[in-house]
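*Asks:* What would the 3D arrangement of this be:
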Amino acid sequence: MTMPILLVPGLNCTAEIYAHQVPALWQFGPVTIANHTEGSSMQQIAASILGDAPPEFALIGFSMGGYLAFEMLRQARGRVLKLALLDTSARPDTPEAIEKRRTAIALTEQGKFNLAVAQSFPNAVHPDHVGDAGLKALHVRMATANGGETYIRQQTAIMGRPDSRPELGAIAVPTLVVVGDKDAITVPEAAREMATGIADARLVVVPRAGHMALVEQHPTVTAELTEWAAK
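*Replies:* All right, here's what the predicted structure looks like:
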């Protein structure tokens, strides 16, 4: 029996963020990468994704994709068969995070989207990978493909997302939580919080990885997702 798998990218990401995982996951069923560029709130974007999604599916969310996964559960809990949360958080934004997002939005509105993207890269990877030209090129390539207008709408949606922690206990599907050991955006503490709050969730802390663990240490993350999908 096959199981459709739906992958939701993060902020400023395209389908390319999952390039290493798709070939490993297709053996379990049809793999779809969600279009998360439609709408300016979590509710609107999640509803758009659900409108195109299979009737039932395993759900993988990276970063903003995890925020959207929580909103999709609120809107259509019965359709989600399994859940994987990659470098994300159930917490709402802190005032400091909101201020950083507003600064990035302001730069973009001033025609300096490339600068906003460049400034965000060092915080998105493990300190050992800040000089990795391939990772940086991927970061820039995906952001450029989405463009500044989408970036502003996604940042606005992220700032307005609710606190999903009170709903963790209601998640009753097999759940995998993955986080880079040096994730500075959605910190390991937030991952542990999700794994503790969701019954029987499995937590994996990936060594030598930052926020982009699924590309920084893709063999490890892909192996964990393959094991999760196979059960």
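*Asks:* shaky segments in the protein?
*Replies:* 1 (pLDDT under 70).
*Asks:* mind listing the strands for it?
*Replies:* 5-8, 31-33, 57-62, 80-86, 175-180, 202-206 (DSSP state E).
*Asks:* can you tell me which of the ones you listed comes nearest to residue 133?
*Replies:* Nearest of those to residue 133, taken as CB to CB: strand 175-180 at 19.4 Å. Glycine gets a C-beta too; all of them are placed from N, C-alpha and C.
*Asks:* Relative to the closest one, what are the paired strands and their orientations?
*Replies:* strand 80-86 (parallel), strand 202-206 (parallel) (DSSP bridges).
*Asks:* hmm, back to that, any chance of the strands of the chain in a markdown table, plus distance to residue 153?
*Replies:* Shown next, in a markdown table, are the strands of the chain (distance: least, CB to CB, whole Å):
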| stretch | distance to residue 153 |
| --- | --- |
| strand 5-8 | 15 |
| strand 31-33 | 19 |
| strand 57-62 | 18 |
| strand 80-86 | 22 |
| strand 175-180 | 26 |
| strand 202-206 | 30 |
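*Asks:* now those as a markdown table including distance to residue 72 and mean neighbour count?
*Replies:* Listed next are the strands of the chain as a markdown table, based on distance: least, CB to CB, whole Å; neighbours: other CB atoms under 10 Å:
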| stretch | distance to residue 72 | mean neighbour count |
| --- | --- | --- |
| strand 5-8 | 8 | 26 |
| strand 31-33 | 13 | 20 |
| strand 57-62 | 7 | 27 |
| strand 80-86 | 7 | 24 |
| strand 175-180 | 14 | 27 |
| strand 202-206 | 20 | 19 |
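*Asks:* Out of the ones you listed, the one nearest residue 49 is which?
*Replies:* Taking those one by one with CB to CB, strand 5-8 is closest: 6.7 Å.
*Asks:* Give the partner strands of that closest one in its sheet and their orientations.
*Replies:* Taking DSSP bridges as the criterion, strand 5-8 forms sheet pairs with strand 31-33 (parallel), strand 57-62 (parallel).
*Asks:* Export the ones you listed to TSV and append columns for distance to residue 79.
*Replies:* Formatted as TSV, these follow (distance: least, CB to CB, whole Å):
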stretch	distance to residue 79
strand 31-33	13
strand 57-62	7
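*Asks:* which stretch among those comes nearest residue 95?
*Replies:* Here strand 57-62 is closest among these (CB to CB), at 24.3 Å.
*Asks:* Touching the closest one from outside, list them.
*Replies:* 3-10, 13, 17-18, 21, 28-29, 32, 67-69, 72, 79-88, 214, 225, 229 (CB atoms under 8 Å, 6 or more residues apart in numbering).
*Asks:* Show me how far it is from its chain's centre.
*Replies:* 9 Å (CA atoms, centre = their mean, to the nearest Å).
*Asks:* quick one: terminal-to-terminal distance for stretch 19-33?
*Replies:* 10 Å (CA to CA, to the nearest Å).
*Asks:* Which positions in it come out as buried?
*Replies:* Of the residues in stretch 19-33, 20-21, 24-25, 28-29, 31-33 count as buried by neighbour count, 16 or more other CB atoms under 10 Å.
*Asks:* cool, stretch 129-146 as well?
*Replies:* 129, 132, 135-136, 138-139, 142-143, 146.
*Asks:* got these as CSV, with distance to residue 119 columns?
*Replies:* Shown next, in CSV, are these (distance: CB to CB, whole Å):
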residue, distance to residue 119
129, 16
132, 17
135, 15
136, 12
138, 16
139, 11
142, 16
143, 11
146, 16
